[in-house]
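K.L.:
Next come a sequence and a model predicted from it.
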Amino acid sequence: MRVVVTGATGLIGGALVHELQARGDEVTVLTRDEEHAAAALPGAVVYGWLRPTREPAPAEAFAGRDAVVHLAGEPIAQRWTDDAKQRIRTSRELGTRNLVAGLRAAEEPRPRVLVSQSAIGWYGARGNSIAQTTPRAGRCGSPANTRAPRGTTTRRPTAACTWPRRPSRPSPRRWRPSAGAAR
């Protein structure tokens, strides 16, 4: 399979590229820093996409490819100021629009599959249980309205976000390391 990956030098993207290459897939990377990507991801075909929020992705990067995995965006591991939240949102909205514009401009055959991921969350070891919460519609579902207090991975609503009094599904339990876990 021939796969285009954005965000390939990030946490998830780097691991994805290595897995794809290990199984024999051909990987093309769209990046703002071609030199860094070429050094970090040997064997990948590297194309520059210097301003993902301002210009379409280079159409030539998609020619003859089977799929695109879009992981690029402003890092979420930062202080969530109003400015940072705007950059995070803009990077995902405009970055995805410009990626699709590049896909549309690509010559046939072009990728038929687009997978887009904008952030990750981790709720600790949960066994077979699923972490579920039910936010009030339109208020708390966005990461822009939650934050993790220092030293924890549990996200809590900010002042602008109000959770319902009785969720319709059980909320995730707070994860605590087991007695044998490293601290």
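P.N.:
Nice, I can see it.
K.L.:
packing partners for the lengthiest helix in the chain?
P.N.:
Criterion DSSP state H: the longest helix present in the chain is helix 82-105. Counting contacts by 3 or more CB pairs under 8 Å, 6 or more residues apart in numbering; DSSP states H and E, helix 82-105 packs against strand 67-70, strand 113-116. In short, each C-beta sits where N, CA and C put it, glycine included.
K.L.:
Kindly recompute the last result at 10 Å.
P.N.:
Here helix 82-105 touches strand 2-6, strand 67-70, strand 113-116, going by 3 or more CB pairs under 10 Å, 6 or more residues apart in numbering; DSSP states H and E.
K.L.:
could you dump these to a markdown table with mean neighbour count and distance to residue 92?
P.N.:
As requested, the helices and strands packed on helix 82-105 are exported to a markdown table (neighbours: other CB atoms under 10 Å; distance: least, CB to CB, whole Å):
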| stretch | mean neighbour count | distance to residue 92 |
| --- | --- | --- |
| strand 2-6 | 24 | 11 |
| strand 67-70 | 22 | 9 |
| strand 113-116 | 13 | 9 |
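K.L.:
For residue 44, find the nearest of these.
P.N.:
strand 2-6 (8.0 Å; CB to CB).
K.L.:
which secondary structure elements does that closest one contact?
P.N.:
Using 3+ CB pairs under 10 Å, 6+ apart, strand 2-6 is in contact with helix 11-22, strand 26-31, strand 45-48, strand 67-70, helix 82-105, strand 113-116.
K.L.:
separation between residue 118 and residue 98?
P.N.:
Separation of residue 118 from residue 98 (CB to CB, to the nearest Å): 15 Å.
K.L.:
Now for the nearest residue to residue 99 once chain neighbours are set aside, which secondary structure element holds it?
P.N.:
Once flanking residues are discounted, residue 99 sits nearest to residue 57: 4.9 Å by CB to CB, 6 or more residues apart in numbering. Using DSSP states H and E, residue 57 is not contained in any helix or strand.
K.L.:
per-residue confidence for residue 57?
P.N.:
Listed pLDDT for residue 57 reads 97.
K.L.:
That one: how many residues sit nearby?
P.N.:
Neighbourhood size, residue 57 [other CB atoms under 10 Å]: 25.
K.L.:
Could you measure from it over to residue 127?
P.N.:
In terms of CB to CB, residue 57 sits 40 Å off from residue 127.
K.L.:
try residue 99
P.N.:
In this view, residue 99 and residue 127 are 36 Å apart by CB to CB.
K.L.:
which of those two has more neighbours?
P.N.:
residue 99 (23 against 4).
K.L.:
Please report how far that one lies from residue 80.
P.N.:
Residue 99 is 24 Å from residue 80, by CB to CB.
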